[in-house]
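Asks: got a sequence here, can you model it:
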Amino acid sequence: MDKELGYDLNIAKSLTGIEDEELLKFYINSVILKIERVIGYKLLKSKITSLVGGLNTNYVFLPEKEIEQVLNVNMGCKILPFSYINRKVIFDEIISKNSYVEIQYIAGYDEIPSDILLFICSTIKETITNEEGLKSYGIRGINYTFLNKIEQSDNFIRGIRDLFGIVGI
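Replies: Residues are numbered from 1 along each chain as shown. Reported below is the predicted structural model:
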């Protein structure tokens, strides 16, 4: 297990067929970065500071799925009392529309869940399968057509929507 990277490298090797660990780590980290750009936050556990404005309410939902702990909430120099349940941070007072709240919290996965690792490895496999740039091929009556770059991107985004339950990207 590679704790620094948060996934089981041996499982990734068997799913992708790539034995070169450095190359495999490069591919996995690249796909993780691509996922993070789409969802807007880090997958692996880290300390995060978010600046949230225009609330006009006494709560906010944090975007990350795995919130370990909310550390503190500030509005300017004022420390705000708060509580939290899962992703919902609840303040003791209503935050006006022209105010900003800074929330520090720890979120992310210690280890990438198996469904996300499978998605990452499938994306890698799809990327390296067609190195010759073929549009399609057939063997004994079975035909396969490769997706073009736009279709691959659309397919990737649909997969992320499914994995993370995102309504609109």
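
Asks: okay, helices next: where are they in the chain?
Replies: Taking DSSP state H as the test, the helices found in the chain are 9-16, 21-39, 114-129, 149-164.

Asks: got any ranges where the chain has weak pLDDT?
Replies: Counting by pLDDT under 70, the chain has low-confidence residues at 1-5, 130-138, 143-151, 166-169.

Asks: gap between the two ends of stretch 33-49?
Replies: Distance between the boundary residues of stretch 33-49 (CA to CA, to the nearest Å) amounts to 19 Å.

Asks: so how far is it off the chain centroid?
Replies: Using CA atoms, centre = their mean, to the nearest Å, the distance from the centre of stretch 33-49 to the centre of the chain it belongs to is 5 Å.

Asks: ditto for stretch 79-89
Replies: Using CA atoms, centre = their mean, the distance from the centre of stretch 79-89 to the centre of the chain it belongs to is 22 Å.

Asks: ok, which of the helices of the chain comes nearest Asn72?
Replies: Across the helices of the chain, Asn72 has its closest neighbour in helix 21-39 (24.2 Å, CB to CB). To be clear about C-beta, it is placed using only N, CA and C from the backbone, and glycine gets the same treatment.

Asks: how far out from the middle of the chain is that closest one?
Replies: Computed by CA atoms, centre = their mean, the chain-centroid distance of helix 21-39 equals 10 Å.

Asks: packing partners for that helix?
Replies: helix 9-16, helix 114-129, helix 149-164 (3 or more CB pairs under 8 Å, 6 or more residues apart in numbering; DSSP states H and E).

Asks: nearest to Lys45, out of those helices?
Replies: Minimum separation from Lys45 across the helices and strands packed on helix 21-39 (CB to CB) falls at helix 114-129, 13.8 Å.
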